[in-house]
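Asker: Kindly generate the corresponding structure for this input.
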Amino acid sequence: MAVTHTSDQTFMQDVQDGLTLVDFWAPWCGPCRTIAPILDELDTELAGSAHIVKLNVDENPQISGAIGVKSIPALVLFKNGQPVEGVVGVQSKSALKQMIDKHR
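Answerer: Sure, this is the predicted structure:
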């Protein structure tokens, strides 16, 4: 699988089934660029047991505002459409994997 991009219009559909880690990001954000390859690696390792989507907060302010994202990168884990846990800032792959594993 590959990390996919979502939008205000498709967000609820993209987080509806199973575990989805959402990366709230923006192209101008240095830490967001730092975490991108970590998320790519994690997505490959998860192999369909959970998936990762990215939401550009500049282009999609509705969802990021509704969730209360104030700093980026913000990573929020959704389980069947409901947020269950979140972190702000660059995280290690092992920390993100541990967060996901807690909610399986």
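Asker: And for the chain, the residue most distant from the center?
Answerer: residue 28 (17.3 Å; Cα atoms, centre = their mean).
Asker: so the nearest residue to that residue once chain neighbours are set aside, which of the three states?
Answerer: Spatial nearest neighbour of residue 28, excluding adjacent residues (Cβ to Cβ, 6 or more residues apart in numbering): residue 58 at 8.0 Å. In short, each C-beta sits where N, CA and C put it, glycine included. Look at residue 58: counting by DSSP: H, G, I helix; E, B strand; the rest coil, its state is coil.
Asker: tell me the SS of the most centrally placed residue in the chain?
Answerer: Most central in the chain under Cα atoms, centre = their mean is residue 22, positioned 1.7 Å from the mean C-alpha point. Following three-state DSSP, the label given to residue 22 is strand.
Asker: what sits opposite it in the beta ladder?
Answerer: Taking DSSP bridges as the rule, residue 22 bridges to residue 53, residue 76.
Asker: Check the gap between it and residue 5 for me.
Answerer: Separation of residue 22 from residue 5 (Cβ to Cβ, to the nearest Å): 11 Å.
Asker: Same check on residue 91?
Answerer: To residue 5, residue 91 is 20 Å away according to Cβ to Cβ.
Asker: The residue nearest to the centre of the chain contacts residue 79, doesn't it?
Answerer: No. Judged on Cβ atoms under 8 Å, residue 22 makes no contact with residue 79 at a distance of 11.7 Å.
Asker: Buried residues of the strand or helix carrying residue 13, list them for me.
Answerer: Element membership for residue 13, per DSSP states H and E: helix 11-14. Using 16 or more other Cβ atoms under 10 Å as the test for burial, helix 11-14 gives 11, 14.
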